[in-house]
Structure formats: structure tokens, C-alpha cells
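S.K.: got a sequence here, can you build the structure:
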Amino acid sequence: MINVLFVCLGNICRSPMAEAILKNLLEKEGLTNQVSVDSAGIGHWHIGNPPHKGTRTILDQNKISYEGMLARQVDESDWDRFDYIIAMDTQNMEDLRSIREKNNVQVSLFMDYVDDEDFSDVPDPYFTGNFDYVYELITAGCEKLLTEIKEQQFKEEKL
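M.R.: Numbers count the residues shown, from 1 in each chain. You can find the predicted model right below:
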């Protein structure tokens, strides 16, 4: 089982959007038993809250479920549970590194999975209000991440 954790600031906009989109892609490909997905926030402000209304709206428009998703804060134990920890921006990446660094966990920036973009951060729609653009970025990144995971999984199964 491959375990993926998306991390943003409050776990109500970008990371739950990524969690829902990747889960949707996994379901379409019949891979929900091979890859698990979660999300968390650096901060504690929204613990227990559902995704932001803007995130829920864009996911509803695209018929993607976010059922049962509630914000939680990233925890040091996440490094023991996840194979991929993916930060939505460079500040989240710095914050993650200050919590814990471990060599066997791939900690990366989400935008590393988005082609043809000239910036390193997924804009935070909590501040910009642009949930449509963030949805497009996250969808593209999740598709590329899934391709990478499938290639890695297939390669390891052949060994």
C-alpha cells in the first residue's frame, strides 16, 4: 500500500481538495486498495472542520466526493505512516522540515508535479478566492502524481 499525505496551512482548502481529487482518480482506476490518501494542515485553527465552502463548491461542481473529510493538524507520527508527504507551498515545506525530517519519506512540493508552471506554490484560495484555478492546478498535479505512483508500483512488482 502506498500512502500519500497532502499538507497545506489550515487543511480546509488546498490539501483536502488534493485528497478528494486523488481519491477520485484512484477510484476511477480501481486503485483504492493500493493507494491511500489523507490531508493535514500545519496549523490547528480548523481542526474538526469540513473543507472550506469554496473547496466544497468546486468539488461538487465536478462531482467529486469529500464526504467525511475533517481538518486535522500534521503530526510527527505522519512520517511513520506515509510514503509521500506533499506540501502545497514552500512555507508548508519549511514547516514540515522543522517538524521532522526522515530520509525514507519523500517530502516534496506539489508544484513539482505540475508541468509548465513558473512558480513553486499552489496559490491559497482562502486568500485569493480563485478556487477554479487551484482546482485546475491540483487536478493536473494529481494526475501526474498518480502516473508516478503507478510507474513506481509497477516497477517494484516486476522485481
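S.K.: which stretches of this structure form helices?
M.R.: Here the chain has its helices, by DSSP state H, at 14-28, 53-61, 78-81, 90-99, 125-128, 131-158.
S.K.: can you tell me which of those is most buried?
M.R.: Comparing the helices of the chain by mean neighbour count (mean count of other Cβ atoms under 10 Å), helix 14-28 comes out on top with a mean of 24. Placement of C-beta: from N, CA and C, glycine included.
S.K.: quick one: closest of the helices of the chain to Val107.
M.R.: Closest to Val107 of the helices of the chain is helix 90-99 (Cβ to Cβ; 5.9 Å).
S.K.: which other helices and strands does the closest one contact?
M.R.: With contacts taken as 3 or more Cβ pairs under 8 Å, 6 or more residues apart in numbering; DSSP states H and E, helix 90-99 sits against strand 2-8, strand 84-87, strand 106-109.
S.K.: isn't Pro125 up against Val134?
M.R.: Yes: contact criterion Cβ atoms under 8 Å: Pro125 and Val134 qualify, at 4.7 Å.
S.K.: before we move on, back to that, possible to save the helices of the chain as TSV with mean pLDDT?
M.R.: As requested, the helices of the chain are exported to TSV (pLDDT from 0 to 100):
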stretch	mean pLDDT
helix 14-28	98
helix 53-61	98
helix 78-81	92
helix 90-99	92
helix 125-128	94
helix 131-158	88
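S.K.: among these, which is nearest Asp118?
M.R.: helix 131-158 (12.3 Å).
S.K.: distance from stretch 58-77 to the middle of the chain?
M.R.: 9 Å (Cα atoms, centre = their mean, to the nearest Å).
S.K.: give me the buried positions along it.
M.R.: Using 16 or more other Cβ atoms under 10 Å as the test for burial, stretch 58-77 gives 58-59, 64, 66, 69, 71-74.
S.K.: likewise for stretch 108-128?
M.R.: Of all the residues in stretch 108-128, those buried under the rule 16+ other Cβ under 10 Å are 109-111, 113-114, 121-126.
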